[in-house]
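Coordinates for the following, if possible.
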Amino acid sequence: MLFLYLKTKVLFLSTFQMGRYYIYPMDTLMEILLLVGVGFLAGVINTLAGGGSLITLPVLIFLGLPPAVANGTNRIAIVIQSLFGSLGYQSKGYPPNRFTFLLGLSASVGALIGARIAIDIEGALFNKILAVIMIVVVGLIVASPKKNLLNKTQRLTGKYLVMGLIGFFCIGIYGGFINAGIGFVIMLFLTQINQIDLIRTNATKVTVVCVYSVFALGTFAWDGKVDWLLGIWMALGTSLGAWLTSRWSVKKGERVVKIALLIMVSAMAVKLWFFD
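Now for the predicted structure:
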């Protein structure tokens with residue numbers, strides 16, 4: 001009886017949110033495993049390039065969370081995974097620098113605006129916007145060419161710093177709004193405008209995302225749009241995936257990952273668009 005009580009207690013924990021309690025029952029242990037497993041995959045994808053939220057956000061919606069709450073809950077995993085990713089890169093000799101933190105602060109201002117928009121938007125409209133974004137970003141994932149920046153000189157000062165601050169303010173607005181596929185936008189900007197090599201780009205990306213996501217998460221939490229329990233379960237997986245991936249470059253099976261991601265995201269986009 002005690003075991004049954006404890007098991008029931010764990011699976012039906014409620015989450016405290018800004019003075020209110022939301023109860024999202026977890027029917028089976030499989031849902032916890034799903035959150036951790038999907039989180040791990042997202043942590044790997046986000047640390048290597050981007051697009052993990054294309055999987056985690058729809059999964060949270062499918063588990064019964066309203067779109068705004070799913071969006072806010074997803075930020076827990078993003079903050080923790082990017083923190084672990086940043087620490088992983090730092091342990092391998094890629095610590096954040098002044099340029100990185102300036103971009104993070106600029107993006108944070110934009111993220112406050114984007115998160116506010118996401119909270120106020122109608123749930124059905126948000127689902128349709130997410131469906132379109134998923135299709136567009138997954139197309140970029142499949143078609144993205146490999147870049148070689150080994151012989152390029154980094155451009156981190158002067159007009160390129162100003163361009164970076166303006167660009168990341170805009171990136172922060174999108175990141176605060178939904179964040180899905182933001183990694184590809186950041187990588188494109190840093191490699192093409194600032195000519196940063198891919199390893200340093202990934203290290204910069206995870207730190208910047210961590211900084212502005214803290215502000216976005218705070219905005220959602222202030223409005224009571226975060227389910228902390230589900231978010232923490234997913235964050236367990238994303239943090240592990242981000243830590244391992246940031247320390248060891250994973251390149252095998254890229255084609256298989258792209259094909260699988262294309263299939264999953266396409267199916268989820270159809271579900272979001274036609275079945276609110």
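
quick one: Glu31 and Phe62 touch, right?
No: at 10.4 Å, Glu31 and Phe62 do not qualify as touching, with contact defined as CB atoms under 8 Å. No exception for glycine: its C-beta is placed from N, CA and C like everyone else's.

Walking through the stretch 151-276 of the chain, point out its strands one by one.
When secondary structure is read from DSSP state E, counting those that start in this stretch, the stretch 151-276 of the chain shows no strands.

Just the helices from it, written as ranges.
Secondary structure of the stretch 151-276 of the chain, counting by DSSP state H, counting those that start in this stretch: helices at 159-177, 182-192, 198-222, 228-247, 254-274.

mind putting the ones you listed in CSV, mean pLDDT and distance to Ser108 included?
Shown next, in CSV, are the helices of the stretch 151-276 of the chain (pLDDT from 0 to 100; distance: least, CB to CB, whole Å):
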stretch, mean pLDDT, distance to Ser108
helix 159-177, 93, 6
helix 182-192, 81, 14
helix 198-222, 91, 4
helix 228-247, 85, 20
helix 254-274, 58, 28
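
can you redo these as CSV with distance to Ile113 and mean neighbour count?
CSV is the format used below for the helices of the stretch 151-276 of the chain (distance: least, CB to CB, whole Å; neighbours: other CB atoms under 10 Å):
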stretch, distance to Ile113, mean neighbour count
helix 159-177, 5, 20
helix 182-192, 15, 21
helix 198-222, 9, 24
helix 228-247, 22, 24
helix 254-274, 24, 15
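
wait, which of these is closest to Ala124?
With CB to CB as the measure, helix 254-274 is the member of those nearest Ala124 (9.7 Å).

quick one on the thing from earlier: okay if I get the helices of the stretch 151-276 of the chain as CSV plus distance to Val38?
CSV is the format used below for these (distance: least, CB to CB, whole Å):
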stretch, distance to Val38
helix 159-177, 20
helix 182-192, 17
helix 198-222, 18
helix 228-247, 7
helix 254-274, 10
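
between those helices, which gets nearest to Phe40?
helix 228-247 (3.8 Å).

The closest one versus helix 198-222: what angle between them?
170 degrees (axes from the mean of the first three to the mean of the last three CA atoms, to 10 degrees).

Pull helix 228-247 out as CSV, backbone CA atoms only.
This file holds the C-alpha atoms of helix 228-247, laid out as CSV (Å, rounded to 0.1, in the frame of the first residue of the first chain):
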residue,chain,number,x,y,z
TRP,A,228,7.6,23.2,-13.6
LEU,A,229,7.2,19.5,-13.1
LEU,A,230,7.0,18.6,-16.8
GLY,A,231,9.6,21.1,-17.7
ILE,A,232,12.1,19.6,-15.2
TRP,A,233,11.6,16.1,-16.4
MET,A,234,12.3,17.2,-19.9
ALA,A,235,15.3,19.3,-18.7
LEU,A,236,16.9,16.2,-17.3
GLY,A,237,17.1,14.8,-20.8
THR,A,238,18.2,18.0,-22.5
SER,A,239,20.9,18.7,-20.0
LEU,A,240,22.4,15.3,-20.5
GLY,A,241,22.2,15.5,-24.3
ALA,A,242,23.7,19.0,-24.3
TRP,A,243,26.6,18.1,-22.0
LEU,A,244,27.6,15.0,-23.9
THR,A,245,27.3,16.6,-27.3
SER,A,246,29.2,19.7,-26.3
ARG,A,247,32.2,17.6,-25.2
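
next one: that helix to chain centre, how far?
Distance, stretch centre to chain centre, for helix 228-247: 11 Å (CA atoms, centre = their mean, to the nearest Å).

Against which helices or strands is it packed?
Under the contact criterion of 3 or more CB pairs under 8 Å, 6 or more residues apart in numbering; DSSP states H and E, helix 228-247 touches strand 15-17, helix 29-48, helix 53-62, helix 67-91, helix 198-222.

So which elements touch the last one?
Same thing as helix 198-222. Secondary elements touching helix 198-222 (3+ CB pairs under 8 Å, 6+ apart): helix 29-48, helix 67-91, helix 98-120, helix 159-177, helix 182-192, helix 228-247.

could I get these as JSON lines with distance to Ala203?
As requested, these are exported to JSON lines (distance: least, CB to CB, whole Å):
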{"stretch": "helix 29-48", "distance to Ala203": "10"}
{"stretch": "helix 67-91", "distance to Ala203": "4"}
{"stretch": "helix 98-120", "distance to Ala203": "8"}
{"stretch": "helix 159-177", "distance to Ala203": "15"}
{"stretch": "helix 182-192", "distance to Ala203": "10"}
{"stretch": "helix 228-247", "distance to Ala203": "8"}
